[in-house]
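# build me a structure from this.
(2 chains)
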Amino acid sequence: MTTKLILVIDDEEPIQKVVSLSLQMEADWQIICASSGIEGVCKAKVHQPDAILLDVMMPDLDGISTFERLNNNDQTQTIPVILLTAKTGTAEKRLFQKIGVTGVITKPFNPLTLASQMAKLLGWQL
Amino acid sequence: MSQRPIDLLVTRLNVSLMTSDDGACEFAFWQEVVNNQPVTTSCQTLLPDVLGILVADSSGCVLAVRAGRVIGIVTRQDLLNVIAHKSNWEMLCLAQVMTHPVITIAQSEIQAVSSLTQWFDRHQVSYLPVVDGHHQLVGLIEQKQLLLTANLKKTEVQINQQHQRAQLFAEITLKIRQSLQLKEILQTTVEEVQKLLDADRVLIYQVLSDGTGVATSEAVKVPYSAILGASFPEEVFPKDYQVLYAQGRVQAIADVHSPNSGLADCLVGFIEQWGVNSKLIVPIVHPQSPEQLSEDSSPARSNRLWGLLIAHQCRSPRQWTDSELELMQQLADQISIALSQSQMLEYLEERVNSRTAELTQANKALQQEIQDRKQVVVALRKSEEQLRLITNNLPVLIAYVDTQQCYRFNNQAYDYWLGYSPTELYGSSIKTVTEPSYYENIRPHIEATLGGKQVTYESELTFKDGRRRSVSGSYIPHCEPLDNGHSTINGFFALTTDISERKAIERMKDEFIAVVSHELRTPLTSLHGSLKLIATGRLGNLSDQGQQMLAVADESTDRLVRLVNNVLDLQRIESGEVTMESCLCNAADLCAQAAEAMRPMAQQHNIQICTELYPLRIWADPDYIVQTLTNLIGYAIKFSAFGTTILLSVEACETTKHISSHPLQSESSSSNSALFCVKDSGQGIPADKLASIFERFQQVDSSDSRKKGGTGLGLTICRKIIEQHGGTIWAESRVGHGSCFYFTVPLSRHQPIETS
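Numbers count the residues shown, from 1 in each chain, chains lettered A, B, ... in the order given. So this is what the prediction gives:
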């Protein structure tokens, strides 16, 4: 199994650290982090990650807008995006599913199962 | 002063007595009987001349006089006899045929009619010349004329007497009719009868109920002693005598001392103390009243002996005449009438007194009621003023609307807010004074309220300054109970509150909660993740105590996360951000999903989830129904004992049947619904907590949240979800016997209920 490159877009540095450590520990994936939507879109274009873990609530450019930008860009539109969100409501989950994200993982997540959750959503084998 | 009837009566009686006196009518007698210009001639007058005088004067006789003295008399009969039997009668003179000497009577001897009549009878003559002291002729009395006149006088006297008695009787009758005072009537009667009969004593003896008697009225001449007031023992007038008198017996005893009087010796002795020589007794009977007759149906006793009217003659024995007896009887009858009238008067007075007392009482009650009503009116007016003062100063639109949707009351706020004065609005239709769009908005609420439902709604209203304001309206029907147990709606009370500020605050609150929740969740996520990673031990080993503390921190973090999630959920539902995306779904499937989702948790508690599911089509948002079911199952697991069973069921029901028994229902409906039930056999909920457990942070035991890791918001979220579906949620429980959580969701109208 080749090592996967995961782009984590979250304005919260502690979250970046926990996610990075969790995914490295549990799946040995490589992690790159972006602290905003704009930065994330740029890094996605540049690094072409295997998947993007995208926070929804961010200043400037929120997760939904960031996803739309990724989705509207030829270079990034094929990259699967999993939303990482504190918005756990039924209505929001429905919204996220409608816009075509690969999956939704709610905060707070379990760092020990985060990688397996992602793999399940992405159809990867760990 | 006007004369009393009794005085008139007495006067007339006196006049009658005088005219009946012989001496009083003598003067009239002289004029009417004595011819003071008799036909006279000389005794030498030839018979043809005498005949001529008789014919010319139509006289019955001719007197032959000489020097004023009567020397002979010839009657018309004598003359006719001579003419018939003597052929030479024309040659005869008066002296040859006249009767002489002539029987005369001195003027001084004429005293009374009776003596004159005797004079004629004694001398067997038909004509009686009257002479004065000098034997001079002064008149002639004709026997025929005397008798005629005497008879006339006698008849006149009799008629006068009858007339006088009739008058007396009429007067007494009139008195009885005019007066209702029995005592006065009785006294007048005895006085007048005493005078009329010239009796020495007239009295009324009343028979008392115990057989004894008493003299109640009396008129007695001096010097005879009075009986008035004296009581008589029963022996004086025994019962058998009373019966006889009651049947109409009268008794006229000319002489009480006579052996034929019929009186017992002892009784004669008894009455002797009052000097009675003769007595006349008539009964005063009193017809019994219908009530008395019904008590004693014996015809013999239809008349009750009330008493006796008694006349006494003391100076001598007296032969009582029939007319006197008759008069006494008639007066006794009148007294009887007076008694009836008196009894009726007594009865009427009693009735009047009784009625007066009742009326006085009623009047008092009426006065009191009027007073009470006045006080009530004053209190009402005061209350109304206070109410108006209060309502006018409340920052709320308050109105009363009748069934025609016309305003009958508005407070001053209508003027302040909308620019309509209460006076202007009175009687106006809501439709005509509100903006059309607003009326269309509230019309269904008005109609529902006039249908008997209490309605609360929120809307927007344009104030007189042009600003749009959020308002909350409450319509409360005015129901008036009817006698038949139903009620009628007379109108409704409308309360409209400006909730713009509240809405703004709510929006701020919602935003605040959203932000805070997110801001809380973010560090929580880091904290939670970090703790989990540390707990793996891959980042270094911790001591046992360190591991324990880590577990405490991890558990608390989980709870905090749930709390934040619930707060966020509730805020979203309440703020209306969430809309239920209802669709046709199978209630049984939703239950199965929820049961499946909760099975791992149940297994941890060694609790079995059983289901009784009927495939029912409901119109609902499946995600939210599953969320509600999982919440309820989660509670059931938490509060159930280890190793017990939870029952999850769904079935069809008539909504009203179930709703009526639970406390949260605000309106009834008769539509069909799916009835979901989560039943546990846990510790149960006290009755006084059942209504409040669906409110925020209301838990049966405040320590529950700590023990069971609850947030106090789960059931509130469930209620909000079910209410948004048009259903109802409630709980039934008995402490120590477990709880049942029910909720209803309307069945789809397009699908029939499928039952197994």
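
# got the residue ranges for the helices in chain A?
Assigned by DSSP state H, chain A shows helices spanning A:13-27, A:37-47, A:63-72, A:90-99, A:114-122.

# what's the worst-scoring helix or strand of chain A on mean pLDDT packed up against?
The element with the least model confidence among the helices and strands of chain A, by mean pLDDT, DSSP states H and E, is helix A:90-99, at a mean of 76. Contact partners of helix A:90-99 among helices and strands, from 3 or more CB pairs under 8 Å, 6 or more residues apart in numbering or on different chains; DSSP states H and E: helix A:63-72, strand A:81-85, strand A:103-106, helix B:622-638. Yep, even glycine has a C-beta here, placed from its N, CA and C like the rest.

# angle of that helix against helix B:622-638?
When axes from the mean of the first three to the mean of the last three CA atoms, to 10 degrees is applied, the directions of helix A:90-99 and helix B:622-638 differ by 140 degrees.

# need the residues that contact helix A:90-99.
Residues from elsewhere that reach helix A:90-99, judged by CB atoms under 8 Å, 6 or more residues apart in numbering or on different chains: A:56, A:64, A:67-68, A:71, A:83, A:85, A:104, B:572, B:577-579, B:581, B:621, B:623-624, B:627.

# ok, stretch A:66-74 next?
The contact list for stretch A:66-74 (CB under 8 Å, 6+ apart) reads A:9, A:37-38, A:40-41, A:44-45, A:52, A:54, A:58, A:61, A:76-77, A:79, A:81, A:83, A:99-101.

# cool, stretch B:280-289 as well?
Residues lying outside stretch B:280-289 but in contact with it, judged by CB under 8 Å, 6+ apart, are B:197, B:199, B:204, B:245-246, B:248-253, B:296, B:301-311, B:320, B:324-325, B:328-329, B:331-332, B:335-336, B:339-340, B:343.

# if you count neighbours, what's buried in that stretch?
B:280-287 (16 or more other CB atoms under 10 Å in any protein chain shown).

# kindly report the same for stretch B:580-595.
B:580, B:582, B:585-588, B:590-595.

# quick check: which ranges of the chain have low pLDDT?
Just going to use chain A. Where chain A drops to pLDDT under 70, the residues are A:1, A:87-91.

# please refer instead to chain B.
Within chain B, the stretches falling below the threshold (pLDDT under 70) are B:1-29, B:175-180, B:287-302, B:577, B:655-671, B:697-711, B:749-756.

# near chain A, which residues of it are found?
Neighbours of chain A within chain B, by CB under 8 Å from any CB of the partner chain: B:517-518, B:521-530, B:532-533, B:536, B:538, B:557, B:561, B:565, B:568-569, B:572, B:577-579, B:581, B:621, B:623-624, B:627.

# spatially central residue in chain A, please.
The geometric centre of chain A, computed from its C-alpha atoms, lies nearest to residue A:53 (CA atoms, centre = their mean), at 0.8 Å.

# could you find the closest non-adjacent residue to residue B:98?
In space, not counting the residues next to it along the chain, residue B:98 is nearest to residue B:72; the distance is 3.3 Å by CB to CB, 6 or more residues apart in numbering or on different chains.

# any chance you could map the strands in the stretch 51-200 of chain B?
Residue ranges of the strands in the stretch 51-200 of chain B, as given by DSSP state E, counting those that start in this stretch, are B:61-66, B:69-75, B:105-106, B:127-131, B:137-142.

# columns mean neighbour count on top of the ones you listed, output as a markdown table?
Below are these laid out as a markdown table (neighbours: other CB atoms under 10 Å in any protein chain shown):
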| stretch | mean neighbour count |
| --- | --- |
| strand B:61-66 | 21 |
| strand B:69-75 | 21 |
| strand B:105-106 | 16 |
| strand B:127-131 | 22 |
| strand B:137-142 | 21 |
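
# can you add distance to residue B:511 and give the ones you listed back as TSV?
Below are those laid out as TSV (distance: least, CB to CB, whole Å):
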stretch	distance to residue B:511
strand B:61-66	162
strand B:69-75	164
strand B:105-106	159
strand B:127-131	158
strand B:137-142	155
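
# of all those strands, which one comes closest to residue A:22?
With CB to CB, the closest approach to residue A:22 among the strands of the stretch 51-200 of chain B belongs to strand B:137-142: 179.8 Å.

# output the contacting helices and strands for the closest one.
Helices and strands touching strand B:137-142, as assessed by 3+ CB pairs under 8 Å, 6+ apart, comprise strand B:34-35, strand B:61-66, strand B:127-131.

# direction included, what does the longest one pair up with?
The partner list of strand B:61-66 in its sheet, established with DSSP bridges, is strand B:40-41 (parallel), strand B:69-75 (antiparallel).

# residues in contact with that strand?
Applying CB under 8 Å, 6+ apart, the contact partners of strand B:61-66 are B:38-43, B:45, B:50, B:53-54, B:70-76, B:94-95, B:98, B:100, B:102, B:126-127, B:129, B:137, B:140.

# hang on, the earlier thing: including mean neighbour count, could the helices of chain A go into a markdown table?
Rendered in a markdown table, the data for the helices of chain A read as follows (neighbours: other CB under 10 Å):
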| stretch | mean neighbour count |
| --- | --- |
| helix A:13-27 | 20 |
| helix A:37-47 | 19 |
| helix A:63-72 | 19 |
| helix A:90-99 | 16 |
| helix A:114-122 | 18 |
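
# surely residue B:540 is in a strand?
No - if the criterion is DSSP: H, G, I helix; E, B strand; the rest coil, then residue B:540 is coil and not within a strand.

# didn't residue B:480 look like it was pressed against residue B:487?
Yes - using CB atoms under 8 Å as the test, residue B:480 is close enough to residue B:487 to be in contact (6.0 Å).

# counting neighbours, go ahead and name the busier of those two.
Taking neighbours as other CB atoms under 10 Å in any protein chain shown, residue B:480 and residue B:487 compare with residue B:487 leading, 13 against 9.

# may I have the phi/psi pair for the more buried one?
Residue B:487 has phi and psi values of phi -140, psi 160 when expressed as degrees, to the nearest 10.

# what does residue B:410 give?
According to degrees, to the nearest 10, the main-chain angles of residue B:410 amount to phi -140, psi 140.

# near the spatially closest residue to it that is not a sequence neighbour, how many other residues are there?
Closest residue in space to residue B:410, ignoring its immediate chain neighbours: residue B:422 at 4.1 Å, by CB to CB, 6+ apart. The local packing count at residue B:422 equals 19, with neighbours defined by other CB under 10 Å.

# no further queries at this time; thank you.
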